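1. Build me a model:
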Amino acid sequence: MSTALSSPFQLAVCAEMVFLDLPFVERVKRIHQAGFAVEIWDWTQKDIDALAATGARFTSMTGYISGDLLDDDGIARLLETAEVSIEIARRLNCPSLNLHGTGLDGQGLPLKPKSHVTGAMWIKAYKTLSEIAKLGERHQQVFLLENLNTQVDHPGTPFASAQDTLTLISAVDSPWLKMNLDLYHAQIGEGNLIELIRQSAPYIGEVQVADVPGRQEPGSGEINYPAIARALYKTGYRGVVGMEAWASGDSNSAIARFLDSFGGDFI
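-> From the prediction side, this is the model:
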């Protein structure tokens, strides 16, 4: 039975990155029992019925199987597989579906890397995301566009920076398309996180966190996450904060450190 967490935010933990010694469904159960919501990546590799049976609350999952924002064939595939993903999200009662600037392989590398982004690409991406927003509105399903870093984890990904995602999301300006503001990626690529939070606040649908370097739990590296939490609270944000991080040691200790950063009343 899950325990109540003291936090003004909806705290979630990515099951792909903790309790790695356990089968996936058991990881979900362990996170749920600790009182956290659960996030997953590629749903095509999961037993959806078994996940639904855990009773866990799922806050986000990957919202497409393949495709991208730029090429006609890739756009068609993105829209097609996003619609299929909506059906899976309904089975898990998952409110948010995550997108990237292009499809990623198993190592997080772009399937169609871009050395630079042209003006024509920006226009194409805007039109594609506008169609995604319309799809979300038809099905009452929120899509999130996640920023990534190109220096360490995802070289060659178009529209990767938080400023890029903010530009696209604000241009589309739909409640069905929001930012997944990943502060780990933003710290590597851009820094100035508190100001980034203030700029992005009207468009944030989720915040993901891990520390730098190493992509481990908050408190393991250089980011002052208690200060980040206070800044996020001051913007009025009360939504999902997801720990998408490897455990630096024991997974139970890692999620406890996450709660240390984002628990409390912040008043």
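
2. What is the subsequent helix or strand relative to the helix or strand hosting residue 123?
-> Taking DSSP states H and E as the definition, one finds residue 123 inside helix 119-139. Sequence order places strand 142-146 as the next helix or strand after helix 119-139, per DSSP H and E.

3. and that next one, what other elements does it pack with?
-> Applying 3 or more CB pairs under 8 Å, 6 or more residues apart in numbering; DSSP states H and E, we find strand 142-146 packed against strand 96-99, helix 119-139, helix 162-172, strand 177-182, strand 204-209. In this view, the C-beta of every residue, glycine as well, is placed from N, C-alpha and C.

4. right, so those: which one is the most enclosed?
-> Of all these, strand 177-182 has the most neighbours on average by mean count of other CB atoms under 10 Å, namely a mean of 26.

5. Tell me the confidence at residue 106?
-> pLDDT recorded at residue 106 is 85.

6. which SS state does it fall under?
-> Secondary structure, DSSP: H, G, I helix; E, B strand; the rest coil: residue 106 is coil.

7. and the gap between it and residue 16?
-> In this view, residue 106 and residue 16 are 12 Å apart by CB to CB, to the nearest Å.

8. higher neighbour count, these two?
-> Set residue 106 next to residue 16 and count neighbours by other CB atoms under 10 Å: residue 16 wins out with 14 against 6.

9. check which helix or strand covers the nearest residue to the more buried one once chain neighbours are set aside.
-> Nearest residue to residue 16, sequence neighbours excluded (CB to CB, 6 or more residues apart in numbering): residue 41, at 5.1 Å. Residue 41 belongs to no helix or strand when assigned by DSSP H and E.

10. Spit out the contact partners of residue 41.
-> Counting by CB atoms under 8 Å, 6 or more residues apart in numbering, residue 41 touches 14, 16, 61-62.

11. Tell me the confidence at it?
-> Residue 41 carries a pLDDT value of 97.

12. for residue 167, same thing?
-> 98.

13. the helices in the stretch 1-150 of the chain, which residues?
-> 24-33, 48-53, 72-92, 119-139 (DSSP state H, counting those that start in this stretch).

14. What is the first one packed up against?
-> Packed against helix 24-33, as judged by 3+ CB pairs under 8 Å, 6+ apart, are the following elements: strand 37-39, helix 48-53.

15. Out of those, which is closest to residue 165?
-> strand 37-39 (18.0 Å; CB to CB).

16. what's next to that closest one, contact-wise?
-> Contacting residues not belonging to strand 37-39 are listed as 10-16, 28, 31-32, 56-61, 240, 242, 244 [CB under 8 Å, 6+ apart].

17. Mark which of those are buried, thanks.
-> 10-15, 28, 31-32, 56-61, 240, 242, 244 (16 or more other CB atoms under 10 Å).

18. Please verify my assumption that residue 208 contacts residue 186.
-> No: using CB atoms under 8 Å, residue 208 is not in contact with residue 186; the gap is 9.8 Å.

19. Please report how far residue 242 lies from residue 144.
-> Residue 242 is 11 Å from residue 144, by CB to CB.
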